[in-house]
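Q: fold the stuff below for me.
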Amino acid sequence: MKQVEVQIMGHGYVLGCPEDGEERLNQAVAKVDEAMCKIRDAGKIKARDRIAVLAALNLAFDLTDRPIASGTDAPNLSTSQLQSLLQRMDAVLGHDNQLL
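A: Sure thing, here's the model as predicted:
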């Protein structure tokens, strides 16, 4: 697994990434960064961990809210998969600068 350095909300992180997944990872990082910065810039929440959780919930909600067209590779996440994602994010927030 390849290690990739990224920036999210001005902080550097080292992420594990499959050899052929760097472009998708960078797209995901851009979405997370955009979502977190939007929440931060609204000015009501300052704590990075709370911003991250809200961004994760917003992104997960967006995924579950949009219809999945047959024949696409868009994810269809179950409630347990969303809970797992949130648990992983909670664990990550305990180890600054390491997401995976």
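
Q: make it CA atoms for all contacts and neighbour counts henceforth
A: Noted.

Q: number of nearby residues for the residue lying closest to L82 once chain neighbours are set aside?
A: Spatially, and ignoring its direct neighbours in sequence, L82 is nearest to A60 (6.8 Å; CA to CA, 6 or more residues apart in numbering). Neighbourhood size, A60 [other CA atoms under 10 Å]: 18.

Q: measure A60 to V53 for me?
A: A60 sits 10 Å away from V53 when distances are taken as CA to CA, to the nearest Å.

Q: next: V14.
A: Relative to V53, and taking CA to CA, V14 is found at 19 Å.

Q: how about F61?
A: With distances taken as CA to CA, F61 is found 12 Å from V53.

Q: these two: which has the busier surroundings?
A: V53 (17 against 13).

Q: any buried residues in the helix or strand encompassing the more buried one, and which?
A: Using DSSP states H and E, V53 falls within helix 48-65. Neighbour-count burial for helix 48-65, counted by 16 or more other CA atoms under 10 Å, picks out R50, I51, A52, V53, L54, A55, A56, L57, A60, L63.

Q: what helices or strands is that helix leaning on?
A: Contacts defined by 3 or more CA pairs under 8 Å, 6 or more residues apart in numbering; DSSP states H and E place helix 48-65 against helix 22-42, helix 79-93.

Q: what's the shortest one packed up against?
A: Contact here means 3+ CA pairs under 8 Å, 6+ apart; on that basis helix 79-93 packs against helix 48-65.

Q: what angle separates the helix it packs on from helix 79-93?
A: 160 degrees (axes from the mean of the first three to the mean of the last three CA atoms, to 10 degrees).

Q: starting at the chain centroid, how far to helix 48-65?
A: How far helix 48-65 lies from its chain's middle: 8 Å, per CA atoms, centre = their mean, to the nearest Å.

Q: for it, what is the average pLDDT?
A: Mean per-residue pLDDT for helix 48-65: 87.
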